[in-house]
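[1] Build me a structure from this.
(chains A and B)
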Amino acid sequence: MNNKIIFINDHWIWAVVAGAFVLMCVFIWKEFKSANKRRLILKLILSFFAIVSLAMIALKPALPASESVGKIILLTPGYENAQLDSLRKVHPGIDVLDYNLQIPLPDKIFEAEMVYIIGQGLPEYELNQFNEIPAVYIPGQTPRGVAKIHIPEKISIGDNFNISGLHQKSNAGNRLILQGPGGAGLDSVILGNNAQQGFKLSTELKVAGKFVYYLAEKDENGEILTKDPVPIIVEDKPGLRILVLNNFPTFETKYLKNVLAEAGHEVVVRSQITTGRYKYEYFNTGNVVIGNITEERLEPYDLLIIDSPTIGNLGGSQRDVIFSAIRNKGLGVFIQPDETFFSSRRLADYFNFDRQNRSQIQLDEWPGVKFSVLPYAIKPAKGFELIYPEGNMGISGYYRLGYGRIGTTVLSNTWQLVLEGKAKPYKELWSQLIAKVAKREIDSSQFIPQKKLVFPHEPLNFTIRTGFEKPEITNSTGSSISLLQDINFPDQWKGTVWPREEGWHRLTQDTLTGFDFYVFREGSWEALTSQYTSLKNKEFFDRSLAEVQRQFFLEPINPLLFYSLFLICMGGLWLEPKLS
Amino acid sequence: MRESGQDILVKIKQRWQMKLWAEVLFYALGAAILTWFLFHWLLLSILAFAITGFLFALLKKPWEISVQHVSSYIDLHLDSLEYSTGLLLIPEAQLSGIAKLQQEKVSREIDANKEKIKPKNDLLKAVIISATLILAGLMLNYSGITEAWRTSPNSPSENEIIIFKPADSVPAKIAPPKLVHQEAVISYPAYTQMGAVTTTNMNIKAVEGSTVTWKLRFDSKVDRVSMESTSGNYPMKLSGGSYTHQINLKDPGFYNFKFKDSLGASYASDLYAIEIIRDQSPVIEIEGLKPFVSFDYDEEKAISFTTVISDDFGIGEATIIATVSKGTGESVKFREETLNFDNNFNPGAKNIQLKRKIDLDNLKMEPGDELYFYIQASDLKTPRPNISRSETYFAVIKDTASIGFGMESTLGVDLMPDYFRSQRQLIIDTEKLISQRPYLPKANFNSTSNDLGFDQKSLRLKYGQFMGDENEVAIGDMGNTAQPVNEEPEDPLAQFTHDHDGENEHNLVAHDHAEEEEEEEEESDPLSEFLHDHGDPESATLFTDNLRSQIRQALDIMWDAELHLRLFEPEKSLPFQYRALALLQEIKNSARIYVHRIGYDPPPIKEDARLTGKIDEVSGFQKTEELEKEDPYFNMRKTVARLEIIISKNEPVTTADRNLFELAVTELAELAMESPGKYLNTLQDLKWLSEERPAGRKELLGIQKGILAALPAPESKAGKSKITTDKLNDLLLQELQENE
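    Sure, this is the predicted structure:
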């Protein structure tokens, strides 16, 4: 043990020493001057100690502390007793503190030599308090419940809503149930007796809007153990504007355009009847001129469906227009092939075909439905994405070209499905093909929250991306939120909100755009929160301790000692004349 | 002042009488209340009170209690009065001195003891009995046993009473008008022969075409009573103090009542269902008849059967429709007749059993004629009866002329006897034999192989005939056939059939030529020796030399094939058989004539003139159409989304919301019509919600849940998906393009 005394106020040391010296001198001089020289030595000694104690009171001397002193265990929820006991064994007499979010951290912690944090850890926003404190994080037991979950943020009406996740420490017989708004059970999975079990639940979305679904866990007897909200924004799908150019009228186009028009898309069809004569059909839209393909005429369309003879007959400039629209405007082009298309290698840059001997095929998504195909398959290549794979080849797919896509399929005569009464697979097939290839709507503004699980009275840091020069964001109460511009990306802005209530919140940018986020009920998604906090703590405390390590640690000598010494000395000096 | 003894007696008498009357009253009350509990019928209860009261009054006779009774009763019970109470009743003037003294004494005594005098009565017993009766009634009432006895028809049971709830959330300013009477009169269509039914149950279940009349009476004045149903809104007419409305039931649906009180506050009732029972078609069952009966011409040709016809509301008509067909082929003639059953029945019966014996002779049927008949029954439904018919039954008189022909009427193929097998058939059979070898006993195998050998021989001989070989050597000579083939009588049908399996099976030679040949052979010409004899097998010139040698070769090979078959070695025989077949094919083909096919050879196209035809009359074509389908559940979807906001934000329901809910009700009602059990509650709650009534969170959640469950999944639709992009992304894409 190092016995070296250290003064806490050591920057005053010279002033104090000088003062004391002067005081001592004055005292000695005064004593020598006085007539009563009896017990001079005693008086001098007394006065010396009095001055020393005064100096000590000012300088605050301290001694290095013992090993356990200055070490603290901070208990956070979910800690294991075994961990606590082991720590106590290693550091006898160590301080144990309970972490409480409601009260500030005690001063002790800021002076501690080492803080052991056990359990799930501290909330993410509390962590920066430990920037200067040497601390070690020891994670606690894995929590019971849903520890990981994937929820799609925005999803369109009619799509399947799939949530998948991981359940920890499940009991056999318990069930996870996806409940709709109103509490109707939509899908469920029975849990086994596993340490970890993945799950996947899905349902159809029927209505657009902001909804809160629930993920409930019930035990064997149907008692609800937990019920956590699953917020979801269901959006209406905007219709597409589709231009169809055909070299001659085909049944394929005839059925396709009807299905597309009935689904509410704006469809314009131009099919050639004979030289210089065309048949124009406009569905759900007014008449527009489609002569030669120009950039302006192509601009409003999201998808161009074109048969291979037409694209072959197009002049070079018109083809350039189409390809530049794909590259720069994100236009989707879907090519209706014929037999010659595969051998002509007209678009060989994008599509590679292989001859295959089969005339019919079944796809996994529609068991029992036979699709007739041309005797080719698409060979996947770099930049090419398959929509329906067939082994390692593809039935249909698209090539990404700039912002846009160019796609095709080897399926033929799909309209016969409608006649066979298989209209559902037909519609599903084409809506998937078209949705994959069509132009995407570019959302100029985007809201990226730093975390998904937001609780009331907790800060939410977010980044927004917006085309606005100086975006102004207001929260649901109407107060504006200050934003910080990113230095590298001028369209990115950072901000923080402190939501107060659970439920849907909206940060409004202007009357049209806004960003929605859901604030969860305090205590919901317990396991998930705990897992997240633990992870964040691990990340935070995974640092070199040397940066914050204190060299040694002091225990100040109790100043009462010096006060009493001073009092005794003074008392002695006062008593001494009375005695003689 | 002291009361006179007589007054005391009179009082006691009155008290006694009172007690007896009270007894009677208790008994009567007990009986009356019990009756009420049992039957809930006030009149019956009063009757019970009167009768019991009368009986007990007769039994107890309270009016018979006189002062004399009282005095003798007191004399008996109070010794201190020394049997002298009678003195009190005698006027003082009539008494002697001692008597006066005694009277005075008794009077004093009685005054002192008047509290002790308790006239005899069973009041306690009466109270206990009456209480027991009331208690028993009460218990019976609670236990529900008595429900069945309540015969009062006009008191609707609890859950049948129409409950009107104020449709506005504003509290009513006056007491809401009360419904005092409700009924629905269901008049069934006349043909059902069912009387009108009056019911208080507003969920109507009636036969299609019934007329329902609703009558509602209120205790106070109301304004505008209407009936809202899925088909529309009908005001109810006020007649004789009740509001009535009449509907002829055609389709199932829902309805509710609505009225406004004199201050304009509106009230609405729950939804009620109208269920339609469709009139079923008659069911016909026939007993004791086979679907197909045939008679010989000399049999008794009669069919008798019983049929049971049943219908839910009564059968109108039942007849037998019979069709007789005469002749065959193109000369067939049909005659249709309607036959009646032997026994009559009254139209309107629900279940009838009818008999009929059909004598085919009476129908003037002859051998070969066929009779088809079925039973047709119709019910009484108006305007169009339901008709049902039984299966068709057949009866045939066998045609003596065609007996033995053995031709199935359904088979179009003229089956001829199997005289011999072709080479191809032999190969097939041989291969089959080889494949079955492990499963066949040796003896069987050998015999089959031998049989095949015989067949091979027959075939060889057949072909040998063409070569002029000795066909006198009968096929059956060496085989097992008892009758030689060539001795078979001439086929009588030969002229009318196309002989596939005949001698000239493979059309090796022109038909007439072969016949000539045979004729020549059969005639024994005396000049034959001097002539060039075609019949001589050696010099026969039926075929060219090449062909001859080929046939000869084939015959040789057949020999070998037969040999191996006879040796039970079908495997060895097979190669020979194949070779024989190949040769036979070649021979056959050699007799065919091939004509070179000449197609149409179009003149070459002048490419420069192509697609330059006149297309002036071909014009472009333009059409514009709005094909977008309206979502039939649009408002239901909107309702779900709106409810989510109302629930989560605790917002009040506005008028606009109510209009939306109203529209959603109509949409949901259509779905509910198909499966009312599933959606009726939701429909009802939603209806209430659209009627300005506040609903709790739980109800709203329930409605939302119900609508979501009812909504069908939307059709798959491609849509524009959103993507987000930023500068970094753009740069990356540009870079990728440049390096492409």
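[2] I'd like to know how far A:Q179 sits from chain B.
    9 Å (C-beta to the nearest C-beta, to the nearest Å). (C-beta placed from N, C-alpha, C; glycine too.)
[3] Next, count neighbours for that residue.
    A:Q179 is flanked by 22 other residues according to other C-beta atoms under 10 Å in any protein chain shown.
[4] That one - nearest residue in space that isn't next to it in sequence?
    With sequence-adjacent residues excluded and distances taken as C-beta to C-beta, 6 or more residues apart in numbering or on different chains, A:Q179 is closest to A:Y214, at 4.2 Å.
[5] tell me the contacts of that neighbour?
    Neighbouring residues of A:Y214 by C-beta atoms under 8 Å, 6 or more residues apart in numbering or on different chains: A:L178, A:Q179, A:G183, A:K227, A:D228, A:P229, A:V230.
[6] same question, B:I8
    B:I110, B:D111, B:K114.
[7] Do you know the pLDDT at the closest residue to A:T76 other than its chain neighbours?
    Excluding the flanking residues, the one nearest A:T76 by C-beta to C-beta, 6+ apart is A:G119, at 3.5 Å. Listed pLDDT for A:G119 reads 86.
[8] still on that earlier bit, show me what the residue nearest to A:Q179 is bridged to.
    A:Q179, A:P229 (DSSP bridges).
[9] Equivalent analysis for B:I204, please.
    B:I274.
[10] What is the burial count for it?
    B:I204, neighbours per other C-beta under 10 Å, totals 21.
[11] Same question for A:F371.
    So A:F371, with other C-beta under 10 Å, has 23 neighbours.
[12] If you check chain A against chain B, which residue is the closest one?
    A:K237 (2.5 Å; C-beta to the nearest C-beta).
[13] I'd assumed B:S716 was in contact with that residue.
    No: applying C-beta atoms under 8 Å, one finds A:K237 not in contact with B:S716, separated by 10.4 Å.
[14] what's the overlap in contacts for these two?
    Residues touching both A:K237 and B:S716 (C-beta under 8 Å, 6+ apart) are A:G158.
[15] any idea how far A:N9 is from B:L683?
    83 Å (C-beta to C-beta, to the nearest Å).
[16] Looking at the two now, which is surrounded by more residues?
    Neighbour count, other C-beta under 10 Å: between B:L683 and A:N9, B:L683 has more, with 25 against 14.
[17] quick one: that one and B:Y255 touch, right?
    No: applying C-beta under 8 Å as the test, B:L683 and B:Y255 come out as separate, 11.7 Å apart.
[18] who touches both of the two?
    Going by C-beta under 8 Å, 6+ apart, residues that sit against B:L683 and also against B:Y255 are B:L271.
[19] in stretch B:657-669, what's buried?
    B:D657, B:L660, B:F661, B:L663, B:A664, B:V665, B:E667, B:L668, B:A669 (16 or more other C-beta atoms under 10 Å in any protein chain shown).
[20] make that stretch B:720-729, sorry
    For stretch B:720-729, by 16+ other C-beta under 10 Å, it's B:K720, B:S721, B:T725.
[21] What number of residues are in the vicinity of B:E630?
    7.
[22] what do you get for the one 4 residues further on?
    Burial of B:F634 is recorded as 12 neighbouring residues (other C-beta under 10 Å).
[23] Give the closest residue to it in space, chain neighbours not counted.
    Spatial nearest neighbour of B:F634, excluding adjacent residues (C-beta to C-beta, 6+ apart): B:E667 at 7.8 Å.
[24] likewise B:S4?
    In space, and not counting its chain neighbours, B:S4 is closest to B:S107: 6.6 Å by C-beta to C-beta, 6+ apart.
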